[in-house]
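Novice: below: sequence and its predicted model.
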Amino acid sequence: MFYLILKSFVIDCHGDKENKQTYIRVIRFNDKEQFKKKSNRVITARYGILSFLPLFTIEQLIKFPNQYFLFISILQQIPDASPVGRFTTILPLTIKFGFSAIKSIIKDLIKHIKDYKVNHKCVEVLRNGVLVQEKWSEIGIGDIIKVKNNNIFPADLVLLSSSELQGTCHIETTHIDGEVNLKIRQCVKETSYCKELKDLIGLNGIIECELPNKLLYNFLGRLTIMNNK
């Protein structure tokens, strides 16, 4: 089955003065350069090497109990301001911060590993008239890709054609809505003939579609084929 990759590139479309400004996405077939600054890389990890210390510190200091005990610790450093030792509060607080930091690092490392595995999965992409293997992180908006049976989708896609007679396919959306039953999707007749590589090479068209929204089961868009087929 062949799909066209969709992502959230936005073009402003101004109507008359009485109407509010609306937005659509315009995507050209097999034209990766149009959105070369857009990345398909998956990043679920929270921290980087340089950002961990400042982000973690801010996250800890915005918690009221930590603010309170830090204030007490500062007061205890003033001579004759506290009847207890200078390290009575700051030492346990430092140990708590240390354990929290270790926990956050371990959890984030697991996310980095999962992100790496996802981004380095490969899919067949149409490049210069041939199908080549590319990493998920390197595919772009407008790319035409081939998804085989029982494979995971690497991005938001529009079905162009299917090996089924009526241009249909069955998809599972467990990771989106938790439903395990298969859902049927069908391509439009204008692209249903593209079952072979030779049919896709000369395919020229654009898709104008709505912005991402909360509707999982509805999609509004317009497909325009410009090669007179």
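Specialist: Ah, there it is.

Novice: so for the closest residue to residue 193 other than its chain neighbours, what's the pLDDT?
Specialist: In this structure, residue 193 finds its nearest non-sequential neighbour in residue 199, 6.0 Å apart by C-beta to C-beta, 6 or more residues apart in numbering. C-beta here means a position set from N, CA and C on the backbone, and glycine is covered the same way. For residue 199, the model assigns a pLDDT of 84.

Novice: cool, residue 43 as well?
Specialist: Note for residue 43: predicted pLDDT of 91.

Novice: for it, list the residues it contacts.
Specialist: By C-beta atoms under 8 Å, 6 or more residues apart in numbering, the contact set of residue 43 is residue 115.

Novice: residue 27 falls within a helix, correct?
Specialist: No: with DSSP: H, G, I helix; E, B strand; the rest coil as the criterion, residue 27 is strand rather than part of a helix.

Novice: and it, what are its bridge partners?
Specialist: residue 207 (DSSP bridges).

Novice: if we can go back for a sec, is the residue nearest to residue 193 in a helix, a strand, or coil?
Specialist: Relying on three-state DSSP, one would call residue 199 helix.

Novice: residues contacting the residue nearest the centre of the chain?
Specialist: Taking C-alpha atoms, centre = their mean, the centroid of the chain lies closest to residue 42, which sits 5.3 Å from it. If you count contacts by C-beta under 8 Å, 6+ apart, residue 42 has them with 115, 118, 119, 136, 137.

Novice: can you pick the most crowded of those residues?
Specialist: With neighbours defined as other C-beta atoms under 10 Å, the most crowded of those is residue 136; it has 20 neighbours.

Novice: quick one: contacts for it?
Specialist: Contacts of residue 136 (C-beta under 8 Å, 6+ apart): 40, 42, 118, 119, 120, 121, 122, 123, 154, 155.

Novice: quick revisit: the contacts of residue 42: which two are farthest apart?
Specialist: Between any two of the contacts of residue 42, the greatest separation by C-beta to C-beta is 10.6 Å, found for 115 and 136.

Novice: distance of the residue of the chain most remote from its centre from residue 157?
Specialist: Of all residues in the chain, residue 80 has its C-alpha farthest from the mean position, at 55.8 Å, by C-alpha atoms, centre = their mean. The gap separating residue 80 from residue 157 is 70 Å, by C-beta to C-beta, to the nearest Å.

Novice: flag every buried residue along the lengthiest helix in the chain.
Specialist: Looking across the chain with DSSP state H, the single longest helix is helix 90-119. Within helix 90-119, the residues that count as buried by 16 or more other C-beta atoms under 10 Å are 90, 93, 97, 104, 108, 115, 118, 119.

Novice: state the distance from the last one to residue 172.
Specialist: Think residue 119. Distance from residue 119 to residue 172, by C-beta to C-beta: 22 Å.

Novice: burial of the nearest residue to residue 111 once chain neighbours are set aside, as a residue count?
Specialist: Spatial nearest neighbour of residue 111, chain neighbours left out: residue 45 (4.1 Å); criterion: C-beta to C-beta, 6+ apart. Close neighbours of residue 45, defined as other C-beta under 10 Å, add up to 16.

Novice: now the one 5 residues further on
Specialist: By other C-beta under 10 Å, the residues close to residue 50 number 8.

Novice: per-residue pLDDT, it?
Specialist: What the model reports for residue 50 is a pLDDT of 93.

Novice: now it: how far from residue 41?
Specialist: On the measure of C-beta to C-beta, residue 50 and residue 41 end up 18 Å apart.
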